Structures are given as structure tokens and as C-alpha cells.
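# Here's a sequence, model it:
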Amino acid sequence: MRASRQSGVSLIELMIGMVVGLMVVIAAMGSLVYTRTASRVMGDSTRLQQDASTAFRSIGQIVRQAGARQLVDATGGTVSFNPQYAGIEVNASTFQPVAIKGTDGVFNKPDTLVIDRDNTLNVDSADCFGNEVSTGTTIKNIFSVDAGTLKCDGSGKSSGEYGLMVGVEDLQIWYGLREGEGLRYTTASAISKISPAPWDQIEAVRICLRLAGELTNHQSAATLGCQGETIQNDGRLRRVFFRVFKLRNAGL
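Numbers count the residues shown, from 1 in each chain. Next up is the predicted model:
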């Protein structure tokens, strides 16, 4: 009986197969790395969105309450807003209490925001960090940014600066003054140059927060900050958020 002829793959065919297999593995690894990187960027971006929402919710609630006063009994069985409320200070021209005031950071550093309201006799009588404020005093809250941390300094029984959130690099604020039928937003420095400074006439504030992510290996270009300044890329993801809050008690 004649033996059948058998043949295997040649060396060239084996090498071609190995090269094709290697290319498939490289493509799969590249796809995996890209997917993981995109997922990390999305996660970092989502966290910044959530942090910004939390910060604006905390600041916005207090801004809206700026200048709120107790209702007190008046003559004839009526009520009126507490005439003894003096706020942060009193405008020397209008004799109206100032409920919101700010300071611009030097050399484009973060701004500082001070917000004041009447203490409503133990009804929601807590400062920005949840500390109870003694009856008979106003509730004052101060927001600032220091070393990448959004801080709050309240007027509660255990007052002092507390860190609310990390990863906040900048806080910039513009104040809305009535101009015709609209509002003109300007800085704290511009308002303070007016004599007397019309802090009692602020109707809204425009707030900008610049937040930075935790990861340090993002490949991205330089970004613009709250004031249009260029922030050089250092591998961290950055986002700039704006929000406008109206003072509900303006003009009381």
C-alpha cells in the first residue's frame, strides 16, 4: 500500500500567522486602553459636575436668603419686617442695611463673599456649616477659597472656617445692580469705589467656580478660567461653571 503524502505549514506561513495574531492583540489592547481612558475622563467630568451642583446649591440657598428679616407685630394688629435689622453695615446715604458684600481677590485670586440675614427665632437659625446661631444675633456666612478648598466661615456657636469641598481652584463673583429695566453686573472693587458703596442695592449675584479633577494624566489643551485667563494644562481635567442667583429679599 502506498503511503499518503502529508505536509505542514511552512516557516513563512507560520511567521505571517504570528504577525497577524500580534496585530490583533495590539489592536485589542489599544482599544482597551482607549476605553479605560475615556471611562476615567467621563468619571472625572461627572464628578466635577456633581461637585459644582453641590457647591452652587449650598451657596445659592444662602444667597437667596440674604437680607431676610423676621416679621414682628406692629400697631393695629398688623405685622412688619424687623426694623432693628442692621445687616453687615448700613448705607450712609439710604440708611438701608447691607445684606451682601464681597471682596475681590488680589492679583486675580479667589473672591470672598459675605452674606447676612436676620435670625428668625430658631427657625432655620443655622449658618452655612449647620451650626446653630444664638438668638438675637444675625446669621452671617463667609465663603472663600483657600489652597484648593471651598471654605465657609459662619456665625454659629462654633464659628470658624470649615472646608466644604476640595478641588475648587477659583471663586469669582459679579454683583447685579439695577440699570434701566435690566441688571448690570460688576465687581466688588468697582462697587466699593462708589461713595457711598451701593451694597444695599444688589439684586443678584453671578458666581463662577473653577474646579479641577483628581486624575493627573489627562491629555488636554490649556483651558480658560473664570475671567478668561489661560490655565496651562498640567494633566488635570478642569471645568468652569457659572450660575446666577437672585436675592429674594432685595428692596425690603
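# Next secondary structure after the helix or strand encompassing V20?
Under the criterion of DSSP states H and E, V20 resides in helix 11-64. Sequence order places strand 71-73 as the next helix or strand after helix 11-64, per DSSP H and E.
# what's the average pLDDT for that following strand?
For strand 71-73, mean pLDDT rounds to 74.
# buried residues in that strand?
Within strand 71-73, no residue is scored as buried using 16 or more other Cβ atoms under 10 Å. Just so you know, the C-beta spots here come from the backbone N, C-alpha and C atoms, and that holds for glycine as well.
# what's the answer for stretch 54-74, then?
55-56, 58-60, 62-70.
# got the contact list for it?
The list of residues contacting stretch 54-74 from outside it, by Cβ atoms under 8 Å, 6 or more residues apart in numbering, reads 79-83, 85, 87, 97, 99-100, 113, 115-121, 128, 141, 143, 150, 152, 164-165, 168, 205, 207, 209, 241, 243, 245-250, 252.
# any chance you could map the helices in the stretch 51-200 of the chain?
188-192 (DSSP state H, counting those that start in this stretch).
# related to what we said a few turns ago, just the contacts of stretch 54-74: which are in strands?
Using DSSP state E, the members of the contacts of stretch 54-74 that fall in strands are 79-81, 97, 100, 113, 115-117, 141, 143, 150, 152, 164-165, 168, 205, 207, 209, 241, 243, 245-246.
# can you give me how far the helix or strand bottoming out on mean pLDDT in the chain is from the chain middle?
Lowest mean confidence among the helices and strands of the chain (mean pLDDT, DSSP states H and E): strand 71-73, at a mean of 74. Using Cα atoms, centre = their mean, to the nearest Å, the distance from the centre of strand 71-73 to the centre of the chain it belongs to is 36 Å.
# For the buried residues of stretch 54-74, please prepare CSV with the additional fields distance to G180.
Listed next are the buried residues of stretch 54-74 as CSV, based on distance: Cβ to Cβ, whole Å:
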residue, distance to G180
A55, 32
F56, 28
S58, 33
I59, 28
G60, 26
I62, 29
V63, 23
R64, 24
Q65, 27
A66, 23
G67, 23
A68, 27
R69, 28
Q70, 33
